[in-house]
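J.: Here is the input, now give the coordinates:
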Amino acid sequence: EVQLVQSGGGLVQPGGSLTLSCVASGFTFNQYAMSWVRQAPGKDAEWVAGISSSGRGRDYTSSVKGRFTISRDNAENTLTLQMDSLKPEDTAVYYCARGWGIGKTWGQGTQVTVSS
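T.: Reported below is the predicted structural model:
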């Protein structure tokens, strides 16, 4: 069974930082690109960042470039999203996703709220 189990998230003030983690199981992690996706209330899901299976290729949606960093540890089957300089518009439920893009296999989601 494919599982993506997330941790991290929470409430942070504007300008603050948070780290999201996702532990994968049930598939060969190092053979898949991975992504982070977010969904704000009343909005469609949005692809945030992607990383190639090796970790050498990375890309981000324009609104988070320079603030977010996606990384992976293939030895530990772990995907990470480091989020710095957070803004209120980053508030959303964040999901790790298998593959490059929105994908069809998501973790359980974790709430990120940026508010003073």
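
J.: So what does Glu76 have for phi and psi?
T.: Dihedral angles of Glu76 (phi, psi; degrees, to the nearest 10) stand at phi -110, psi 0.

J.: do you know how far it is from Val64?
T.: 24 Å (CB to CB, to the nearest Å). No exception for glycine: its C-beta is placed from N, CA and C like everyone else's.

J.: Over to Phe27?
T.: Going from Phe27 to Val64 by CB to CB gives 26 Å.

J.: Compare the two (neighbour count), which wins?
T.: Val64 (22 against 15; other CB atoms under 10 Å).

J.: For the nearest residue to the more buried one once chain neighbours are set aside, which residues are in contact?
T.: The shortest distance from Val64 to any residue other than its chain neighbours is 5.9 Å, reached at Val48 (CB to CB, 6 or more residues apart in numbering). Val48 makes contact with 35-38, 60-61, 64, 68, 81, 94, according to CB atoms under 8 Å, 6 or more residues apart in numbering.

J.: tell me the two of these that are most distant?
T.: Tyr60 and Tyr94 (13.6 Å; CB to CB).

J.: Look at the two and report which has more neighbours.
T.: Neighbours were counted for Tyr60 and for Tyr94 using other CB under 10 Å; Tyr94 has more, 24 against 18.

J.: show me what contacts the residue positioned nearest the centre of the chain?
T.: The geometric centre of the chain, computed from its C-alpha atoms, lies nearest to Trp36 (CA atoms, centre = their mean), at 3.0 Å. Each residue near Trp36 by CB under 8 Å, 6+ apart is listed here: 20, 47-50, 68, 70, 79, 81, 94-97.

J.: which ones among those are found in helices?
T.: Counting by DSSP state H, no part of those is found in helices.

J.: Give me the PyMOL select line for those residues, limited to the buried ones.
T.: In PyMOL, this line selects whichever of these come out buried by 16 or more other CB atoms under 10 Å:
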select buried, resi 20+47+48+49+50+68+70+79+81+94+95+96+97
